[in-house]
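K.L.:
Dropping the sequence and predicted coords here.
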Amino acid sequence: MTTIKLLDKIHLQKYLYLLSLLCTGKIECAEFEQLFLQILAQDKYWLSGMFDKEIATILDAFLVDIKYYSLDYLYDPDNFIDVNLISTKESGLRSRAEEALNKLEETVNICYLPPFTRNT
């Protein structure tokens, strides 16, 4: 395994924190999606391809999960909300977030614990 650059660790902190908030239920999936995409849109480090290949692969795969979750896909043409579908997609996104968080922590060889305890 390659050594992860210090800059990767620094730029990754915002994503680790956000993922931990979702995994511990401190924020809802819709808020997480909005914040994640907002941060990404301004993240020149990620968008310019500067992350280590391993980290970029994990983040890119999780970005696909977020786009799959997107609430836009949960509504039918008659504006009927399928509560079971939303619940299923939210639990799936939380599960994928936990997986991404664990992989990122393992990859950069750190354990990111915000000021509250993770429920694992």
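P.N.:
Perfect, thanks for sending it.
K.L.:
okay, and for this structure, where does confidence drop off?
P.N.:
Counting by pLDDT under 70, the chain contains low-confidence ranges at 1-3, 71-88, 110-120.
K.L.:
which helices and strands sit right next to the helix ranked longest in it?
P.N.:
If you go by DSSP state H, the chain has its longest helix at helix 83-108. Helix 83-108 sits against helix 6-23, helix 29-41, helix 53-69, with contacts defined as 3 or more Cβ pairs under 8 Å, 6 or more residues apart in numbering; DSSP states H and E. (Each C-beta comes from the backbone N, C-alpha and C, glycine too.)
K.L.:
which residues touch Phe52?
P.N.:
No, residue 52 isn't Phe; it's Asp. Asp52 is in contact with 2, 4-5, 8, 107, counting by Cβ atoms under 8 Å, 6 or more residues apart in numbering.
K.L.:
Which one of the helices and strands packed on helix 83-108 lies nearest to Ala100?
P.N.:
When the helices and strands packed on helix 83-108 are compared by Cβ to Cβ, helix 53-69 sits nearest Ala100, at 4.2 Å.
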